[in-house]
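Novice: sequence isn't available, so here's the structure alone:
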Ligand SMILES: Cc1ncc(C[n+]2csc(CCOP(=O)(O)OP(=O)(O)O)c2C)c(N)n1
Ligand code: SF4
Ligand SMILES: [Mg+2]
């Protein structure tokens, strides 16, 4: 049943339908509405049996999930941005221990400068942690991905992170069909852990492993990620059969079959990208798009297949690896190596900067004309940057950059304003 | 020795502490009782005379006895974790989980939450860490666990330093002690005065159901406190002083004696508290000056050689005297 819902609410209800037994979280914008809603469902007894643990930090939140998952409970948490960084040691640990926790990341920029708005820097900071990382395009998909995430996580004994764009999705109201309880029950069997802390059959979990076997442990973790590459599309099609709609999977092409120039992107940006593609197509420019739903494991083959007809790919992403360029773009370039397809990195939308259809159309036309550079910062305010560069050249102690820029923008006053 | 078995050994024969000799047979603490779980069994890689290994064995065996074996242990990173699980072996004969250095209280809380959600109400949780994993890096998680009153017994094995990484200072390291990061050089050698945390008192301040301190010099008392803790629900805290021959610079056969001197000097008060109030303290039976405790430890050698630092010894004695007054130890 379609209902007009906030994205966070839809995710909370979908998570509750998965019957987690331990939910533990620490508040951070823009994740708060999700955990508030799950917390209320637990407190009212709607979601039972379930323990909702209010902890003192994200590090504790993930640690509670680790203990609870090892003791055989289905576990869930959610965070964003600084919160993800604060829990990072436990994020790696959950994956290394093979514990199938599901976590929502309401994607948000990383400070400093502190910024609460959306980009994908937080998720990228843990891309090598051993978690499956899925990116939702819409709130419907965000809700659906959680149901698939628990299934995948528990089948493979791997933690799964569902990424949804902070504010853009979490705080947006739109029509969502939250997966119904009986359908979820039929789709998601109860959690049967591979390893469990049981006094009746005591095992040691988390022992030290030295050079004798560490590489093998890591290799097996890699193999499980590769297994996930097979299982993700299978689970997505089972989901489509059970719920009557397409959600999840590895990649999703849009008008790309005969396109010379293809935009590749992740998350809610894909909506605007598709509109830009339509505009360019209307003008006769042969462009298309490919949405990447699964970022880890990286679906290299699926990306190559989806770009079969492309001569160039423009990777528009809300993340930056300073000193390198795009993060997703680097993976795409590796997958395409030897194919002759040119890869252009476009860093866009950092810290919530709007990525407009007009900018994307212009970008696509420039790319299609063969005039796009290797690395582009979309809609970069050049004069702002130049002003700060000049100031830094003139005075060694030219002050903090962020504050200088705000002063130039007359957002804040300052001593010299 | 006609049977071929070593005779059953009672501990503390000839000591000042309350020994087995004063107890009835049923109550005695017997190291090689066939009924013992040996939760931490032989073959681990602890140094000879390791106080932490001794304490962990008694704590977990007592907890196993108290719960009828229905127990899960959570361990922080540190000596105890490293020496007990050299790949591919394990000395643990309990369900045991190690996650990280600083999160054992939260992992324990997670196990407890799972047991509650799954209706396994008979299974209990014991989480354990060194002083570093408790007083320093684990303190945020521990304070949270206390404040939520999670049903976990948290045990700190306090050897007063980061031993696993090579004897660096922790905030449980006593003043003047030499560690690898508070060397015995300069005008004020060793660890500075006026820093550090008194975690048992901080635990008491959280108002949790049960807090106790103990040492490996009185294993019967240690077991008794584990039983007291396991008879209660909610957050409980046990802080055990465990001499470390490597880090303290002491002979392996001195471990128990040093633990006793720590208590008998007043430097380490042994007490119990319930719901924020101190309810009992183990009196000093044979008071000794702190010097008797300090002198055998090479981490305090600079207080005696080349010149005697009476000023520093005096400040340590004053700390012991303050404990005697605070807890009424005489
Ligand atoms: C986050 C993190 N920081 C540092 C370390 C390194 N480390 C491992 S054990 C340890 C010291 C442990 O000290 P303590 O908790 O007192 O236990 P002990 O070894 O003395 O029994 C340190 C610093 C680590 N494993 N993780
Ligand atoms: S260094 Fe100390 S605590 Fe560690 S095993 Fe040796 S004696 Fe025990
Ligand atoms: Mg220590």
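Specialist: Looks like it arrived, so ask away. For clarity, every value in this text was computed on a predicted model and none was experimentally measured. Ligands and ions are numbered 1, 2, ... in the order given.
Novice: could you use CA atoms for every contact and neighbour count after this?
Specialist: Will do.
Novice: what comes up buried for the helix or strand of chain A with the lowest mean pLDDT?
Specialist: Lowest by mean pLDDT, DSSP states H and E among the helices and strands of chain A is helix A:401-408, with a mean of 92. For helix A:401-408, the neighbour count (16 or more other Cα atoms under 10 Å in any protein chain shown) marks A:404-405, A:407-408 as buried.
Novice: show me where the stretch 151-300 of chain B has its helices.
Specialist: With DSSP state H, counting those that start in this stretch as the criterion, the stretch 151-300 of chain B has helices at B:199-205, B:219-230, B:245-248, B:255-265, B:290-294.
Novice: hey, which of the ones you listed is tucked in deepest?
Specialist: Ranked by mean neighbour count, the helices of the stretch 151-300 of chain B are led by helix B:255-265 with a mean of 24 (mean count of other Cα atoms under 10 Å in any protein chain shown).
Novice: is there proximity between that one and ligand 2?
Specialist: No - judged by Cα under 6 Å from any ligand atom, helix B:255-265 makes no contact with ligand 2; its nearest approach is 9.2 Å.
Novice: tilt between that helix and helix B:219-230?
Specialist: 70 degrees (axes from the mean of the first three to the mean of the last three Cα atoms, to 10 degrees).
Novice: for helix B:255-265, give me every contacting residue.
Specialist: With Cα atoms under 8 Å, 6 or more residues apart in numbering or on different chains as the test, helix B:255-265 has contacts from B:49-51, B:215-218, B:241-245, B:268-270, B:284-290, B:292-293, B:320.
Novice: drop anything exposed from those residues.
Specialist: Taking 16+ other Cα under 10 Å as the criterion, what is buried in these is B:49-51, B:215-218, B:241-245, B:268-270, B:284, B:289-290, B:293, B:320.
Novice: ok, back up a step: let me have the helices of the stretch 151-300 of chain B in CSV, extended by distance to residue A:90 and mean pLDDT.
Specialist: Below are the helices of the stretch 151-300 of chain B laid out as CSV (distance: least, Cα to Cα, whole Å; pLDDT from 0 to 100):
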stretch, distance to residue A:90, mean pLDDT
helix B:199-205, 25, 98
helix B:219-230, 29, 96
helix B:245-248, 29, 98
helix B:255-265, 35, 97
helix B:290-294, 40, 98
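Novice: could those helices go into JSON lines alongside distance to ligand 3?
Specialist: Below are the helices of the stretch 151-300 of chain B laid out as JSON lines (distance: least, Cα to the ion, whole Å):
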{"stretch": "helix B:199-205", "distance to ligand 3": "13"}
{"stretch": "helix B:219-230", "distance to ligand 3": "19"}
{"stretch": "helix B:245-248", "distance to ligand 3": "9"}
{"stretch": "helix B:255-265", "distance to ligand 3": "15"}
{"stretch": "helix B:290-294", "distance to ligand 3": "18"}
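Novice: out of the ones you listed, flag the one nearest residue B:168.
Specialist: Taking Cα to Cα, helix B:245-248 is the member of these nearest to residue B:168, at 8.7 Å.
Novice: do that closest one and ligand 1 meet?
Specialist: No - judged by Cα under 6 Å from any ligand atom, helix B:245-248 stays clear of ligand 1, getting no closer than 8.6 Å.
Novice: for chain B, see how far away the closest residue to residue A:297 other than its chain neighbours is.
Specialist: Nearest residue to residue A:297, sequence neighbours excluded (Cα to Cα, 6 or more residues apart in numbering or on different chains): residue A:225, at 5.5 Å. Distance of residue A:225 to chain B, given as Cα to the nearest Cα, to the nearest Å: 22 Å.
Novice: can I assume residue A:225 sits in a strand?
Specialist: No - according to DSSP: H, G, I helix; E, B strand; the rest coil, residue A:225 belongs to no strand; its state is helix.
Novice: check contacts around it.
Specialist: By Cα under 8 Å, 6+ apart, the neighbours of residue A:225 are A:130, A:132, A:296-297.
Novice: hang on, the earlier thing: quick one, which of the helices of the stretch 151-300 of chain B gets closest to residue B:275.
Specialist: helix B:199-205 (7.2 Å).
Novice: what's next to that closest one, contact-wise?
Specialist: Outside helix B:199-205, the residues within contact range by Cα under 8 Å, 6+ apart are B:135, B:143, B:146, B:210-213, B:237, B:239, B:273-278.
Novice: which of these lies closest to residue A:120?
Specialist: Using Cα to Cα, these come closest to residue A:120 at residue B:143, 32.6 Å.
Novice: and the contacts of the strand or helix carrying the closest one?
Specialist: For residue B:143, the host element (DSSP states H and E) is helix B:139-148. Residues external to helix B:139-148 that are found in contact with it (Cα under 8 Å, 6+ apart): A:55-57, A:60, B:102-106, B:109, B:133-134, B:203, B:206, B:208, B:235-236.
Novice: related to what we said a few turns ago, mind giving me the packing neighbours of the least confident helix or strand of chain A?
Specialist: The contact analysis (3 or more Cα pairs under 8 Å, 6 or more residues apart in numbering or on different chains; DSSP states H and E) places helix A:401-408 against helix A:382-394.
Novice: 7 Å instead?
Specialist: For helix A:401-408, not one helix or strand is in contact under the criterion 3 or more Cα pairs under 7 Å, 6 or more residues apart in numbering or on different chains; DSSP states H and E.
Novice: how far off helix A:382-394 does it point, in degrees?
Specialist: Using the same axes, to 10 degrees: helix A:401-408 against helix A:382-394 is 120 degrees.
Novice: the residue lying closest to residue B:231 once chain neighbours are set aside: how many residues sit nearby?
Specialist: For residue B:231, ignoring the flanking residues on the chain, the nearest one in space by Cα to Cα, 6+ apart is residue B:66 at 7.8 Å. With neighbours defined by other Cα atoms under 10 Å in any protein chain shown, the count for residue B:66 comes to 19.
Novice: wouldn't residue B:66 be in contact with residue B:228 here?
Specialist: No - Residue B:66 is beyond contact range of residue B:228, at 9.2 Å (criterion: Cα atoms under 7 Å).
Novice: contact residues of the stretch 1-150 of chain B facing ligand 1?
Specialist: With Cα under 6 Å from any ligand atom as the criterion, the stretch 1-150 of chain B meets ligand 1 at residues B:77-80, B:101, B:129-133.
Novice: so which of the residues you listed belong to helices?
Specialist: Counting by DSSP state H, these place B:79-80, B:131 in helices.
Novice: check those against ligand 2, which are close?
Specialist: residue B:79.
Novice: and the residue nearest the centre of chain A, helix, strand or coil?
Specialist: Centroid-nearest residue in chain A: residue A:163, 3.1 Å away (criterion: Cα atoms, centre = their mean). Here residue A:163 takes the strand state, with states given by three-state DSSP.
Novice: residue contacts, it?
Specialist: Taking Cα atoms under 7 Å, 6 or more residues apart in numbering or on different chains, we find residue A:163 in contact with A:104-107, A:134-136.
Novice: make it 10 Å
Specialist: Neighbouring residues of residue A:163 by Cα atoms under 10 Å, 6 or more residues apart in numbering or on different chains: A:78-80, A:103-107, A:120, A:122-123, A:133-137, A:142, A:145-146, A:266-267, A:293-294.
Novice: and the pLDDT for residue 180?
Specialist: No chain was given, so I picked chain A. At residue A:180, the model reports a pLDDT of 98.
Novice: I was thinking of chain B, sorry if that wasn't clear
Specialist: With respect to pLDDT, residue B:180 has a value of 98.
Novice: quick one: it and residue B:189 touch, right?
Specialist: No - using Cα atoms under 10 Å, residue B:180 makes no contact with residue B:189, being 11.7 Å away.
Novice: for the residue of the stretch 301-417 of chain A found nearest chain B, which non-adjacent residue is closest in space?
Specialist: Residue nearest to chain B within the stretch 301-417 of chain A: residue A:321 (28.2 Å; Cα to the nearest Cα). Excluding its sequence neighbours, the residue lying closest to residue A:321 (Cα to Cα, 6+ apart) is residue A:327, at 6.0 Å.
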